[in-house]
Every structure is written in structure tokens, then in C-alpha cells.
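K.L.:
sequence and predicted structure are below.
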Amino acid sequence: MSVQDIAACARETYAATQINIDATENIAMSNPIALLVAGLAGGAGLGALVTATVIDRPAMSKAAMSEGMAHDHSAHDHGQGDAMHDHKMVEAADPAPTLEIELHSDGPQSRNLHIMTTNFTFDPEGVNGAHRPGHGHAHVYINGVKQPRAYSPWVQLDALPKGTHEIRVTLNANDHGHLATNGTPIEAVTTVTIE
């Protein structure tokens, strides 16, 4: 195929694309999929689509997440207004849950957190629901920064930066209230040093 043949083919494709875009203009304005197809057919849509999806969304390393960019609670309200982490205390039923935590090495900078409880059931299906005695989830904090919730006894803490880190775990009811005994939150704290 000669350069002239390629140019002629490109002109024909462009003209056909313009006809398709004109014919679908009314549909495209009310249907984002049609708009996407029309943009891709025009030749520049893919580049614009990729640019639009990554602009103002910098990549976030797991290390950055543990330094303060972790799980954003602003997307879902726990009934506490702007005090996202100011959860109410929920007095635990008798027998009260107990909590202990252990860290197990999982490479030079990662640790597996074992959340050991008694009288407590991890209840991912009940999250955001009404308080159910003895059921809920755990909140995990690294250096005071909340991480994603724990719905099971094992959580991987991946790519911790070098230094000493405080790991704190709280037991929480399905409605996110801190479980407590006699007004004292049920929580466990340990530290880990990454060298």
C-alpha cells in the first residue's frame, strides 16, 4: 500500500466518522456510551479519556497511605457529622469481648496483624446496621491514622516505612460505636520498628 493509498483511506475514514458523529449527535448528548464511541471513532477520544481519568488523581503508594492518606471516611457518614472518628461509646454486653493483638513478620517492611478476640464475632454483613451485642468489626490505626476496617482476625500491614509505628486496634459495633466496658474502650496497642 502506497502513502497515497494510506492518505486516501484516512480521508475516507475521517469523512465516514464525521457522518457517524453527526448522525449520533443527539443520541450522544443523552447517552454517555454513545458519546464515548463517537469520541473514539474520531481518533482522539482515547487520549482524552485516559487524560480525563488520571488528571488530579495522583498515584498513592501504600507508604503514603500509612502516613496519613488512608481510608477516607468522608464518603460515608456514621451519624457523627463532621466528627468522622469521634464515635460514641457502646457498652458491651455481658460477657464483654476481650481483645489482644500480635504482629507477625511478613517480609522486611510488612507485618500480619492478628486480632484475637473472645465473645466477639466479626460481622461484615451487619456493618452500618443496628448494634448487635457481640458483633461488629475492628478499626485499625497506624500512628493514629485510620486504616481500612478489619472484618476478620487477620490484616496485612503492607510496606510500612522505616521507623517505629504504633498499631492500635479498637473493637466497634456494627453502627461504628466503640465497644466499651465500664466506659473504657475495648482496644489494644502495640509498636513495631521497621529497620
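P.N.:
Done, it's in. Residues are numbered from 1 along each chain as shown.

K.L.:
right, and the helix or strand after the longest strand belonging to the chain?
P.N.:
Of all the segments of type strand in the chain, defined by DSSP state E, the longest one is strand 163-172. Once the chain leaves strand 163-172, the next helix or strand it forms, by DSSP states H and E, is strand 178-181.

K.L.:
what's that following strand in contact with?
P.N.:
Identification of contacts with strand 178-181 by Cβ atoms under 8 Å, 6 or more residues apart in numbering yields 87-92, 96-97, 120, 136, 170-173, 185-187. For glycine as for every other residue, the C-beta is placed from the backbone atoms N, C-alpha and C.

K.L.:
please redo it, this time with the cut-off set to 6 Å
P.N.:
Defining contact as Cβ atoms under 6 Å, 6 or more residues apart in numbering, one finds that strand 178-181 is touched by 87, 89-92, 96, 170-173, 185-186.

K.L.:
any idea of the mean pLDDT in it?
P.N.:
Per-region confidence: strand 178-181 scores 96 on mean pLDDT.

K.L.:
same question, stretch 87-103
P.N.:
The pLDDT scores in stretch 87-103 average 94.

K.L.:
got the buried residues for stretch 119-135?
P.N.:
Neighbour-count burial for stretch 119-135 flags 120, 122-123, 126-127, 131, 133-135 (criterion: 16 or more other Cβ atoms under 10 Å).

K.L.:
in strands, which of these appear?
P.N.:
122, 135.

K.L.:
tell me which helix or strand of the chain sits lowest on mean pLDDT?
P.N.:
In the chain, no helix or strand scores lower on mean pLDDT, DSSP states H and E than helix 45-54, which sits at a mean of 36.

K.L.:
okay, now the sheet partners of the helix or strand where Thr191 lies, with direction.
P.N.:
In this structure, Thr191 sits in strand 187-194 according to DSSP H and E. Sheet pairing for strand 187-194, assigned by DSSP bridges, gives strand 163-172 (antiparallel).

K.L.:
flag every buried residue along the strand it pairs with.
P.N.:
Using 16+ other Cβ under 10 Å as the test for burial, strand 163-172 gives 165, 167-172.

K.L.:
returning to that earlier point: then the longest strand of the chain to PDB, C-alphas only?
P.N.:
Extracted C-alpha coordinates of strand 163-172, given in PDB (Å, rounded to 0.1, in the frame of the first residue of the first chain):
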ATOM      1  CA  GLY A 163      10.800   3.800  61.900                       C
ATOM      2  CA  THR A 164       8.700   3.000  64.900                       C
ATOM      3  CA  HIS A 165       5.000   2.700  64.500                       C
ATOM      4  CA  GLU A 166       2.100   2.500  67.000                       C
ATOM      5  CA  ILE A 167      -0.500   0.000  66.000                       C
ATOM      6  CA  ARG A 168      -3.900   0.400  67.700                       C
ATOM      7  CA  VAL A 169      -7.000  -1.700  67.200                       C
ATOM      8  CA  THR A 170     -10.500  -0.900  68.600                       C
ATOM      9  CA  LEU A 171     -13.500  -3.200  68.600                       C
ATOM     10  CA  ASN A 172     -16.500  -1.500  67.100                       C
END
